[in-house]
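Engineer: Here is the input, now give the coordinates:
(chains A and B)
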Amino acid sequence: MNRDPHASAAADPAHAETELPTPLASLVGEVVRRTRLRRSEREEIAAELVAHFRDGLASGRSTEELALAFGDPKASARQLRHGAIAKRSVLDRGLRRTLQIVGLGTAAVVLGYAALAIHVARLRPTISFDPIATYQALLPATDDPAWPTYLEALAWAQSEARLGTAGNPFDSREHRDLFVDALDRYAANEPGASTVVTTNFIGEAIEPIDLAAILAAHADELALLRKAAAMPVLGRRANASPSQAIAAEQAYFGTRSTGPEQDAGFADMLIGVLLPHLAEFRHASRLLVGDARLAEEQGDFARAAANLAAIFGIARHAEENRTLIGQLVAAATRVTACRAIVAMLERSGAAFDDDSLRELAGAVASVPEASLRLDMASERLMFEDVVQRMYSDDGEGDGVFIPWAFADFAPLITGTPRGSDENLAPIALAVGPLAYLAPSRRETIEQHRRWMSAIEEDGHRPWWDGRRTVDRVEQEVLFPDGGSRSLAGGNLLLGLLLPAVSKAGDNLAAQRFELDGAAIAIALARFHRARGEWPDSLEALVPEFLPTLPLDPETALPYRYELLAAGPMVWSTGPDGIDDGGTWFRRTQGLSPDADRAAPQCRFPTSTSRSPTVRTAVLRHQKRTGSWPASLDTLSADDRAGVPPRGFTSVEYALEGDDPIVRRTADADAPFTRHPAPGEAPQGDRILVEWGLGTFAELPAGDRGA
Amino acid sequence: MPLDRELMRGAGPVAVLKLLERREMYGYELVEALEARTDGVLAMGQSTLYPMLYNLEAKGLVASRWDESGPRGRKYYRLTATGKQRLADDSAQWKAVTAAMKRLGIVGRLAIAPQPQFGCVQGLALAGLSR
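Structural biologist: Residues are numbered from 1 along each chain as shown, chains lettered A, B, ... in the order given. Just a heads-up that it's a prediction; the model follows:
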């Protein structure tokens, strides 16, 4: 722009009109306007055109002639525009081009996004199957359901909790907890536990609860409870909403906050199905253990055995609904029953008659292998029900995630009533197209199926194969290549709805120890009744008192057995696979990572988490020579490498039959101490039976909660 | 005879550069000169000339300045050094083209044939110019 500023008057198209004949002035105005150039560029062109026409007029040409010679104003404006733009700097033109592309691109993206948002907003999920009906079809059919009998048998206990509110400051829930706690302590024969509770948790005086008197007063109902437990099928339908609830159940749960009268708002979904009977089953099994304790005091061992055997029926009914929580409740009640059986036999095994012992043995043996493994049938159904409500359906099993449908179910996660999150709808609409980034319906369902199958498959792995740590299932089964539950491979829905399976499978599998312990204890009691003495080994129980010899899941070898002065003792090596001679293993302190082992036949772990021990040296010798050392003196320098010298002075070694036994010297004086010494790590054995010492005060605190 | 558009696109800029070779000129002057000195063959309207001048300016072949000293403001264009080089190159190419055309019998016959209004010498001079 090297033009003289004095020319600006001529450059103004409006000014030009006053100096040029109207047709030419308007021609210049039109051409310049059509160029759509910048103001300074338009001024420059106008000035030049005005000068041009003035020269033309001055040379004597007519207005019409000049206008005609000018040509088409439209084409002229276009060419002038191209010419003027060509004059701009390279940077200027580049920037203009970039802005054009960015502008066009942005417009295309915005338009596409809006179109997609509208498309997604119009998507509707198709409810292709009725989850409740499909779920009901999974459950066994019966003409004679046990559930109404349960309601009848438990109504008094429900009333007991309610009536207890009179005259004390606790509401029914707290009173029930107090009642349950007293029952547990009584059943556990806890030292100092009274049959009459007169104070609450904080030591205040309350209306006395005489457990023995309460249980004795309800003998008929407890008999009814045993009858209900013996019935083949529970037959409780999934009563998802109050309208569907049977009258008896509604009356039963009338004032309870956990009853089905509390409408979850998702009654049409499987995820909204309430299972209030499971808590009642926990309560019922406590009543039976408590009454077994009372029967033991009264010398009625047939009733004691019948009560404990009945708990296995309750467990069977608890898992009938094929839910994860049902299975866990079943496992917990079985564990309670097994420990009660062992403790009662340890205390007064000799008082049980043959029929009662056979009844108990039958109940313990009735537990199928399937009850020790996760069954994800209803979890699958529950998930696919959620998917059919949050994904579109193309009719071929695939579809797109619908964010607004997900927003509708946000209360499931937030816990607020359904429909209260309407303000999420605009957000859901706005983020709609992002749904295409989410995994598809098919991918999601297939991933879930793979996970569920992997979790079920994991239940078939032997106990010794794999560490029993909290994260094991997630780390080894679900996310073997890394990743975590919260990310869930980028699938939000899967991550949110993945059940807490981390310990569930192991908890179910761990029933094996309790069932084996109870079975062995019953067999020992029957052996002693028949022979008047204890067996020399567990093998002596087979086949008359025990059909087969159960193996320790930790080692796949028979459980360890010792005959002490007070009676026999049976134990598992515990998760480290090391036989500590029956040293107490505290369950409540969790499982140790030392549970690794190379093979079930190996008596000693090949642990990498700590320095080599005498057991490692013995194992090295075995690997090197193919046989166990006769004594520690035969170990070579290579075998001993890395083992602290004091290790060899603190243990004693013996080859008992084919089994090498390494025992701490300190243990030799009191080889079967039940509790770890102060400061000692909670490594040790899992005691299954210890005759003459029986209490089951070791019930983990977690088993006491409702 | 007005020139075909494609031919004009090739010939127009060289003609303008040639006109500016001797002295600087303003737009109307260029229009008139093209009309007069090419017998109207290379005559072009403002709608063609001014965009062409802008393009030549954008390529740095010509430069412009406003002159307000006269009674009317005028924008003058002059040849730059780059423009001179380009004119030399283009002229050489045009000579080559004309020679080729001549060998093909397209240019030569027309140029050598004496026109009624020109003398024989003038005709020969024209032929010489185009060599």
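Engineer: got the residue ranges for the helices in the stretch 101-250 of chain A?
Structural biologist: A:131-138, A:147-163, A:172-187, A:211-217, A:219-230, A:247-252 (DSSP state H, counting those that start in this stretch).
Engineer: for chain B, which helix is longest?
Structural biologist: In chain B, with assignment by DSSP state H, the single longest helix is helix B:81-103.
Engineer: Name the residues of that one that are buried.
Structural biologist: For helix B:81-103, a neighbour-count test (16 or more other C-beta atoms under 10 Å in any protein chain shown) marks B:83, B:86-87, B:90, B:94, B:98, B:102 as buried. Backbone N, C-alpha and C define where each C-beta goes, glycine included.
Engineer: Can you lay out those residues as a markdown table showing pLDDT and distance to chain A?
Structural biologist: What follows is the buried residues of helix B:81-103, written out as a markdown table (pLDDT from 0 to 100; distance: C-beta to the nearest C-beta, whole Å):
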| residue | pLDDT | distance to chain A |
| --- | --- | --- |
| B:83 | 93 | 15 |
| B:86 | 92 | 16 |
| B:87 | 92 | 19 |
| B:90 | 91 | 19 |
| B:94 | 89 | 23 |
| B:98 | 86 | 28 |
| B:102 | 85 | 34 |
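Engineer: of these, closest to residue A:494?
Structural biologist: residue B:86 (69.8 Å; C-beta to C-beta).
Engineer: residues touching the closest one, list them.
Structural biologist: Applying C-beta atoms under 8 Å, 6 or more residues apart in numbering or on different chains, we find residue B:86 in contact with B:17, B:61.
Engineer: what about the helices in chain B?
Structural biologist: B:5-19, B:27-37, B:46-58, B:81-103, B:108-112, B:120-129.
Engineer: Buried deepest among the ones you listed, which one?
Structural biologist: helix B:46-58 (a mean of 22; mean count of other C-beta atoms under 10 Å in any protein chain shown).
Engineer: what's the angle between the longest helix of chain B and helix B:46-58?
Structural biologist: 120 degrees (axes from the mean of the first three to the mean of the last three C-alpha atoms, to 10 degrees).
Engineer: on that earlier part again, if we compare the helices of the stretch 101-250 of chain A, which one ends up closest to residue A:391?
Structural biologist: Nearest to residue A:391, of those and by C-beta to C-beta, is helix A:131-138 at 14.5 Å.
Engineer: for that closest one, which positions count as buried?
Structural biologist: Buried-residue list, helix A:131-138, by 16+ other C-beta under 10 Å: A:131-132, A:135.
Engineer: Going by distance to chain B, which of those residues wins?
Structural biologist: residue A:131 (72.5 Å; C-beta to the nearest C-beta).
Engineer: mind listing what residue 51 touches?
Structural biologist: In the absence of a named chain, this looks at chain A. A:10, B:26-28, B:72-75.
Engineer: hm, I was asking about chain B
Structural biologist: A:76, A:79-80, A:82-83.
Engineer: Which among those residues count as buried?
Structural biologist: Of the contacts of residue B:51, these count as buried by 16+ other C-beta under 10 Å: A:76, A:79-80, A:83.
Engineer: contacting residues around the most centrally placed residue in chain B?
Structural biologist: Central residue of chain B (C-alpha atoms, centre = their mean): residue B:15, 1.5 Å from the mean position. Shown in contact with residue B:15 (C-beta under 8 Å, 6+ apart): B:34, B:38, B:42.
Engineer: and of those, the nearest to chain A?
Structural biologist: Among the contacts of residue B:15, and counting by C-beta to the nearest C-beta, the member closest to chain A is residue B:34, at 12.0 Å.
Engineer: give me the number of residues near the closest residue to the closest one other than its chain neighbours?
Structural biologist: Spatially, and ignoring its direct neighbours in sequence, residue B:34 is nearest to residue B:42 (5.1 Å; C-beta to C-beta, 6 or more residues apart in numbering or on different chains). If you count neighbours by other C-beta atoms under 10 Å in any protein chain shown, residue B:42 ends up with 21.
Engineer: okay, residue B:42: pLDDT?
Structural biologist: At residue B:42, the model reports a pLDDT of 80.
Engineer: Please verify my assumption that it contacts residue B:13.
Structural biologist: No. Using C-beta atoms under 8 Å as the test, residue B:42 is too far from residue B:13 to be in contact (10.6 Å).
Engineer: what residues does the stretch 101-250 of chain A put near chain B?
Structural biologist: Neighbours of chain B within the stretch 101-250 of chain A, by C-beta under 8 Å from any C-beta of the partner chain: none found.
Engineer: can you count the residues close to residue A:330?
Structural biologist: Neighbours around residue A:330, by other C-beta under 10 Å: 26.
Engineer: residues contacting it?
Structural biologist: Per C-beta under 8 Å, 6+ apart, neighbours of residue A:330: A:315-316, A:318-319, A:371.
Engineer: which SSE is it in?
Structural biologist: Using DSSP states H and E, residue A:330 sits in helix A:324-348.
Engineer: pLDDT weak spots in chain B?
Structural biologist: B:1-3, B:108-131 (pLDDT under 70).
Engineer: Those residues of it touching chain A, which are they?
Structural biologist: B:26-29, B:31-32, B:45-48, B:50-55, B:57-59, B:63-68, B:72-75.
Engineer: if we can go back for a sec, mean pLDDT added to the helices of the stretch 101-250 of chain A, as CSV?
Structural biologist: Formatted as CSV, these follow (pLDDT from 0 to 100):
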stretch, mean pLDDT
helix A:131-138, 86
helix A:147-163, 74
helix A:172-187, 67
helix A:211-217, 83
helix A:219-230, 95
helix A:247-252, 69
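Engineer: export the ones you listed to CSV and tack on distance to residue A:426?
Structural biologist: Output for the helices of the stretch 101-250 of chain A, formatted as CSV (distance: least, C-beta to C-beta, whole Å):
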stretch, distance to residue A:426
helix A:131-138, 29
helix A:147-163, 46
helix A:172-187, 41
helix A:211-217, 58
helix A:219-230, 53
helix A:247-252, 40
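Engineer: right, and residue A:390 touches residue A:407 too?
Structural biologist: No. Here residue A:390 does not reach residue A:407: they are 9.8 Å apart, not a contact under C-beta under 8 Å.
Engineer: Between these two, which is the more surrounded one?
Structural biologist: The neighbour count for residue A:390 versus residue A:407, taken as other C-beta under 10 Å, is higher for residue A:390 (24 against 20).
Engineer: contacting residues around the more buried one?
Structural biologist: With C-beta under 8 Å, 6+ apart, residue A:390 has these contacts: A:125, A:401-402, A:405-406, A:409, A:493.
Engineer: 6 Å instead?
Structural biologist: A:405-406 (C-beta atoms under 6 Å, 6 or more residues apart in numbering or on different chains).
Engineer: gap between it and chain B?
Structural biologist: Using C-beta to the nearest C-beta, to the nearest Å, we find residue A:390 at a distance of 60 Å from chain B.
Engineer: What number of residues are in the vicinity of residue A:529?
Structural biologist: Considering only other C-beta under 10 Å, residue A:529 is surrounded by 15 other residues.
Engineer: just the one 3 residues further on next, same as before
Structural biologist: In terms of burial, residue A:532 registers 7 neighbours under the definition other C-beta under 10 Å.
Engineer: before we move on, what about residue A:388?
Structural biologist: Quick note: residue A:388 (other C-beta under 10 Å) scores 20 neighbours.
Engineer: try residue A:447
Structural biologist: 17.
Engineer: And it, its phi and psi?
Structural biologist: phi -60, psi -40 (degrees, to the nearest 10).
Engineer: pLDDT score for it?
Structural biologist: Reported pLDDT for residue A:447: 87.
Engineer: Relative to residue A:356, which of the buried residues of helix B:81-103 is nearest.
Structural biologist: residue B:86 (118.6 Å).
Engineer: Quick check, pLDDT for residue A:97.
Structural biologist: Looking at residue A:97, the pLDDT reads 88.
Engineer: meant to ask about residue A:311, not that
Structural biologist: 97.
Engineer: and what of residue A:564?
Structural biologist: 75.
Engineer: State the distance from the most far-flung residue of chain B relative to its centre to residue A:95.
Structural biologist: Distance to the chain centre peaks in chain B at residue B:71, reaching 28.2 Å (criterion: C-alpha atoms, centre = their mean). Between residue B:71 and residue A:95 the computed distance is 41 Å (C-beta to C-beta, to the nearest Å).
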